[in-house]
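Pasting the sequence and the predicted model now:
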Amino acid sequence: MVKSCGSRIYTPHGRGLWRKILIQWPRFQQCIKWNLCRGNKISFWEDEWLGEGCLMRRYPRIYAIAQNKKIAVEEAYRVTKEKVKWSVFISRNLNDWEISEYGDLLKILEAQQLKTNDDLVVWKLEKKGEFSVTSYCRFLCARDDTDCSSFPAVQIWMTKAPPRIAFFAWEGCWEKILTIDKFSVRGQILINGCYCCFQAEETCNHLLLWCPMPYNLWCMVHGLLGIEWVIAGSVGMEICA
């Protein structure tokens, strides 16, 4: 049996870091396929290893009545008297409209044979089959109708700034800095007010741009550099400018 990467995690991080990672697993799974070898790492139904798409979507009627939906490929593979036999166990007898689908499944399985090597993961978004952050970002942006070119990657990551400064700028660009307004999303009720100016709520853009204290600092820096500056609507827009 294969333990899917999409399974629920019962660990101290199961409700935090790993929960966020697992939310994105269905998207990530669309970008990978498996080269069948030993078959011990591949989920028979859920992974893409036999043509385009996983078997659970190509044969939904058979998947619905399968006895074990978490079975590994090697568990469905049988060699008896030098003959290869694939066993797809179902929980009941087939109906007339399910027979052809079941037959098609067994037909494509007959040509498959297991090997002794480990199963290999192939990244579908690159010709070489190797994972790259760039290709995955483009995939996510295309799905979300987001223009990747609008993100100031060069201004953040391609500078001589220390890594922790670059990471803080990245957090600010996505408005992920842990300000007071973020605590309400987590169910913690706090009085939301900027402790620098006591004039507005504490948000990422206010704390880094609109508050009088950082605003005066930005004006001083731009004045020393001889740059005419107009405050932007957000941190991301400011970095792009």
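Right, received. Where do you want to start? Given the structure is predicted, the values throughout are model-derived calculations rather than measurements.

and residue 34, what are its phi and psi?
Reported as degrees, to the nearest 10, the phi and psi values for residue 34 are phi -120, psi 140.

Show me the helices in the protein, by range?
17-23, 25-29, 55-58, 60-64, 96-109, 133-143, 153-157, 163-173, 180-185, 204-205, 212-224, 235-240 (DSSP state H).

and the last one, what does it pack onto?
Going back to what we said before, that points to helix 235-240. helix 153-157, helix 163-173 (3 or more Cβ pairs under 8 Å, 6 or more residues apart in numbering; DSSP states H and E). Bear in mind the C-beta positions are built from the backbone N, C-alpha and C, glycine included.

Now render those helices as CSV, adding distance to residue 54 and mean pLDDT.
Converted to CSV, those look like this (distance: least, Cβ to Cβ, whole Å; pLDDT from 0 to 100):
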stretch, distance to residue 54, mean pLDDT
helix 153-157, 33, 79
helix 163-173, 34, 88
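
Just the C-alpha atoms of stretch 51-66, please, in CSV.
Output of stretch 51-66 as CSV, limited to C-alpha atoms (Å, rounded to 0.1, in the frame of the first residue of the first chain):
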residue,chain,number,x,y,z
GLY,A,51,-0.5,7.0,-20.3
GLU,A,52,-2.1,10.4,-19.8
GLY,A,53,-3.9,10.9,-16.5
CYS,A,54,-4.3,8.7,-13.5
LEU,A,55,-6.5,5.5,-13.6
MET,A,56,-9.0,6.8,-11.1
ARG,A,57,-10.1,9.5,-13.6
ARG,A,58,-9.8,7.4,-16.7
TYR,A,59,-11.8,4.5,-15.2
PRO,A,60,-14.0,6.1,-12.6
ARG,A,61,-16.6,3.3,-12.5
ILE,A,62,-14.0,0.7,-11.8
TYR,A,63,-12.3,2.9,-9.2
ALA,A,64,-15.6,3.4,-7.4
ILE,A,65,-16.0,-0.3,-6.8
ALA,A,66,-12.3,-1.1,-6.2
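
Show me what counts as buried in it.
54-56, 58-59, 62-63, 66 (16 or more other Cβ atoms under 10 Å).

any chance of the helices and strands packed on helix 235-240 in TSV, plus distance to residue 91 and mean neighbour count?
As requested, these are exported to TSV (distance: least, Cβ to Cβ, whole Å; neighbours: other Cβ atoms under 10 Å):
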stretch	distance to residue 91	mean neighbour count
helix 153-157	51	14
helix 163-173	49	15
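
returning to what we had before: pick out the shakiest of the helices of the chain, pLDDT-wise.
Mean pLDDT across the helices of the chain is lowest at helix 17-23; the value there is a mean of 73.

returning to what we had before: may I see the helices and strands packed on helix 235-240 organised as CSV, with distance to residue 198 added?
Below are those laid out as CSV (distance: least, Cβ to Cβ, whole Å):
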stretch, distance to residue 198
helix 153-157, 31
helix 163-173, 22
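
Which of those helices sits closest to residue 109?
helix 153-157 (44.8 Å; Cβ to Cβ).

Which elements pack onto the closest one?
In terms of contacts (3+ Cβ pairs under 8 Å, 6+ apart), helix 153-157 is packed against helix 163-173, helix 235-240.
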